[in-house]
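**Q** I'll drop the sequence and a predicted model, then ask my questions.
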There are 2 protein chains.
Amino acid sequence: MSQGKEKILQTALQEFAEKGFDGARIDYISKMAGVNKALIYYHFKSKEELFTAVINDLFEQATSGSIELKGPSIQENLIQVMEHFIDFLHHNPYFVKIMDQSVAQDRDIFQQLHHQNFFFETVMGMYQLGVQTGECRKVDHPEDFVVSLLGAVYFYFSHHKAIRKFYGTISEEEVISIRKKTMRDMISRLVFS
Amino acid sequence: MSQGKEKILQTALQEFAEKGFDGARIDYISKMAGVNKALIYYHFKSKEELFTAVINDLFEQATSGSIELKGPSIQENLIQVMEHFIDFLHHNPYFVKIMDQSVAQDRDIFQQLHHQNFFFETVMGMYQLGVQTGECRKVDHPEDFVVSLLGAVYFYFSHHKAIRKFYGTISEEEVISIRKKTMRDMISRLVFS
DNA sequence: AGAATTAGACTAACCGTTTAGTCTAACTTT
DNA sequence: AAAGTTAGACTAAACGGTTAGTCTAATTCT
């Protein structure tokens, strides 16, 4: 990939994440990327297509470093996945912002994205395996159970701006470590009886 | 409040919720409200002020029917609050959408909104009371614990479009009832040991 | 040589905002 | 009661800034 195209994608990611699709400005992207506006239209045929490219890029990164499940037990694996998820959200704030904005508006892309289900299906699969082996407690509605767990992980990051103040002045790394501990606790209390 | 102004606010709520601030169109609002565009500027001095008015309206409704805590125990009260929260989110999808979009972009209003902390402080207060009376298990980081609980409740609604498919073809009312059951379970397993 | 990139002027459409004025019902004056 | 006045609700039409997208001709990588 050419240097300019890469810079455009990087900058566009930030701009779309911060302003949303409608708030984002092509002129601003080209300026911040240090690139002529025409170059954007040389590589992408429209703002919409640029957005799609940004999203696809993002999901590629999000799902590429997929998790190696090597824990000795389902419990270990589940906790490992959760921590991986937390780290990922921590290090990819743009991912969260763009996701939320694009889900709130129903941008076309999100109907097609199969990546969207990645985390759900991973956790769901592990949980159901655990139920089979008898290692996990059986609940009436596993899908709702998993959704709730994912929500417990995700919410802090998606509403970071509004929520962060409840944690006081500690560093973000400390918050992340607290988050992991809380989620470990929740999982062991909920998944295993 | 005049008939026109009310219609404008109603319509604007929908438009802002669906398209976000930048995506919303004054032309479209006036058309849908069956009102001349200039009337919007007669009642509100700008798009921004219209948005603010919509938000304030929304929060007034959101926090007006506040919860009577009359359960015999903290456990009952906590579950009651959660169910109230679930019902509220279920019946006010626009609230969720507008919240998410406005949090994702950092619209000014949200820095000032004290309503924003309403649910957090309610649940947090109840939990801490429970810890004092010894009815609730003590956790290391109550704020993170409460945030996780709220996230578990909220996530389904904020990402409804993307998540709903995991529940199959059952009616929305059934999903809500499942959600309540799951959250009752989670609370009793997590808050009380 | 061919792909990538620049400069910057240009357009067409869109969209928030303004202006100047209408309509109506109530209220006041004569 | 007729005439004058006011205030609030509302409208038609235009104004003017903004912005996605284009065009062209020249230049620089690889």
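**A** Happy to help now that I have it. What you see is a predicted model; the values in this text were computed from it and never measured.
**Q** Tell me the residues of chain A that contact DNA strand D?
**A** A:3, A:24, A:25, A:26, A:27, A:37, A:38, A:41, A:45, A:46, A:47, A:48 (CB under 7 Å from any atom of the strand). No exception for glycine: its C-beta is placed from N, CA and C like everyone else's.
**Q** could you redo the last one with a cut-off of 10 Å?
**A** Residues of chain A lying close to DNA strand D (CB under 10 Å from any atom of the strand) are A:2-4, A:15, A:19, A:21-30, A:36-42, A:44-51.
**Q** ChimeraX command to pick out the buried ones of those residues?
**A** To isolate the buried ones among the residues of chain A next to DNA strand D in ChimeraX, judged by 16 or more other CB atoms under 10 Å in any protein chain shown, type:
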select /A:4,15,19,21,22,23,24,26,29,30,39,40,44,47,50,51
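**Q** starting at the chain centroid, how far to the strand or helix carrying residue A:144?
**A** In this assignment (DSSP states H and E), residue A:144 forms part of helix A:142-158. Averaging C-alpha positions (CA atoms, centre = their mean, to the nearest Å) puts helix A:142-158 12 Å from its chain's average.
**Q** name the helices or strands packed onto it?
**A** In terms of contacts (3 or more CB pairs under 8 Å, 6 or more residues apart in numbering or on different chains; DSSP states H and E), helix A:142-158 is packed against helix A:74-91, helix A:93-104, helix A:118-132, helix A:172-191, helix B:93-104, helix B:142-158, helix B:172-191.
**Q** rewinding a little: among the residues of chain A next to DNA strand D, name the ones in strands.
**A** Among those, no member falls in strands (criterion: DSSP state E).
**Q** can you narrow the residues of chain A next to DNA strand D to ones near DNA strand C?
**A** Counting by CB under 10 Å from any atom of the strand, the members of these near DNA strand C are A:2-4, A:22, A:27, A:30, A:36-42.
**Q** nearest to residue A:160, of those residues?
**A** residue A:22 (22.0 Å; CB to CB).
**Q** Just the pLDDT at the closest one, thanks.
**A** pLDDT recorded at residue A:22 is 94.
**Q** Would you mind measuring from it to residue B:101?
**A** According to CB to CB, to the nearest Å, residue A:22 stands 10 Å off from residue B:101.
**Q** likewise residue A:72?
**A** Noted for residue A:72: a distance of 43 Å to residue B:101, by CB to CB.
**Q** just for chain A, where's the confidence low?
**A** A:65-68, A:108-116 (pLDDT under 70).
**Q** change it to 80
**A** A:61-71, A:104, A:106-118, A:193 (pLDDT under 80).
**Q** Any part of stretch A:73-84 near chain B?
**A** No: using CB under 8 Å from any CB of the partner chain, we find that stretch A:73-84 stays clear of chain B, coming within 11.3 Å at best.
**Q** Now do the contacts for residue A:2.
**A** By CB atoms under 8 Å, 6 or more residues apart in numbering or on different chains, the residues touching residue A:2 are residue A:43.
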